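[1] Got a predicted model here, sequence first, then my questions.
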Amino acid sequence: MFNGAIPTRLPEYLVAAIIIIIAPGPSVLFVIARAVAWGRKIAVLTVAGNVTGSFVLSTLVATGVGPILQKWHIAYIAVQWVGGLYLMYLGLDAVRKRAVHAADMTNQGPIAPTTRQSIRDGFWVGVLNPKAIVFFAAVLPQFVDIKGGHVTVQLIFLGLVFCVLAFISDGSWGLLAGTARAWLATDNRRLERLRGTGGTIMILLGVAVLISAVITG
């Protein structure tokens, strides 16, 4: 499926994807909250559902955005501007509400979800994750070879790569948080700093997207 449609800027894309993945956004925070409340197994199952949702999301974005980007350069620039600004908004909101988000992470309830519930809940967080939506729509297209064709296939491929990296990273977050659950749950300031760091990274990535839009425009 991906033969002849692998972007030449794949190494650069891997760096960008890793940066956005390790920034603690909604998916990571949800996984950590599950790990703190119910341990590593529930966290990993949540990650499995989450990346499945992310791949569905990336495929929907690819099939909807790909043909448009291939035909109209102005649409490509517009997507970058909207995505960059929205990513900055998400980052600022994360920093501003970091205390609220930290409190939510330690109030998951006493009853652990089943395997099916964990995967299902993770799926919906993944498919509705605003950070992922912005990444797939505004950041990911910058690494596609527009002139090389197969734009939609390239977008799907890059989305799949993102999901594999996300499973490794978010799974590691879940295992680590599940191991250190007592340490994390006893001081919300640790979770606040985690959320604040993620928000700052999103702001910086949003700025980078806008700079790229100016250069390519």
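    That came through, no problem.
[2] centroid residue for this structure?
    Against the mean C-alpha coordinate of the chain, by C-alpha atoms, centre = their mean, the closest residue is residue 132 at 3.9 Å.
[3] what's the average pLDDT for the biggest helix by length in the chain?
    The longest helix of the chain (DSSP state H) is helix 40-71. Averaged across helix 40-71, the pLDDT comes to 85.
[4] so what does that helix touch, helix or strand wise?
    Secondary-structure packing of helix 40-71 (3 or more C-beta pairs under 8 Å, 6 or more residues apart in numbering; DSSP states H and E): helix 26-38, helix 73-96, helix 115-127, helix 130-134, helix 151-179. (C-beta placed from N, C-alpha, C; glycine too.)
[5] among the ones you listed, which is the most enclosed?
    Of the helices and strands packed on helix 40-71, the one with the most neighbours on average (mean count of other C-beta atoms under 10 Å) is helix 26-38, at a mean of 24.
[6] ok and it relative to helix 115-127, angle-wise?
    Put simply, helix 26-38 runs at 150 degrees to helix 115-127, going by axes from the mean of the first three to the mean of the last three C-alpha atoms, to 10 degrees.
[7] returning to that earlier point: tell me how far the longest helix of the chain is from the chain's mean position?
    9 Å (C-alpha atoms, centre = their mean, to the nearest Å).
[8] Over to stretch 88-95?
    Stretch 88-95 sits 14 Å away from the centroid of its parent chain (C-alpha atoms, centre = their mean).
[9] need the contact list for the residue nearest to residue 193 when sequence neighbours are not counted.
    Closest residue to residue 193 apart from its sequence neighbours, by C-beta to C-beta, 6 or more residues apart in numbering: residue 98 at 7.9 Å. By C-beta atoms under 8 Å, 6 or more residues apart in numbering, the residues touching residue 98 are 192-193, 195-196, 199.
[10] any low-confidence regions in the protein?
    Scanning the chain with the threshold set as pLDDT under 70 gives 1-5, 66-67, 69-73, 75-76, 101-110, 148-149, 182, 184-186, 213, 216-217.
[11] Specify the stretch among the helices and strands packed on helix 40-71 that is closest to residue 44.
    helix 151-179 (5.4 Å; C-beta to C-beta).
[12] what packs against the closest one?
    Here helix 151-179 touches helix 10-22, helix 26-38, helix 40-71, going by 3+ C-beta pairs under 8 Å, 6+ apart.
[13] Now tabulate the ones you listed in a markdown table and tack on distance to residue 206.
    Shown next, in a markdown table, are the helices and strands packed on helix 151-179 (distance: least, C-beta to C-beta, whole Å):
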| stretch | distance to residue 206 |
| --- | --- |
| helix 10-22 | 10 |
| helix 26-38 | 16 |
| helix 40-71 | 18 |
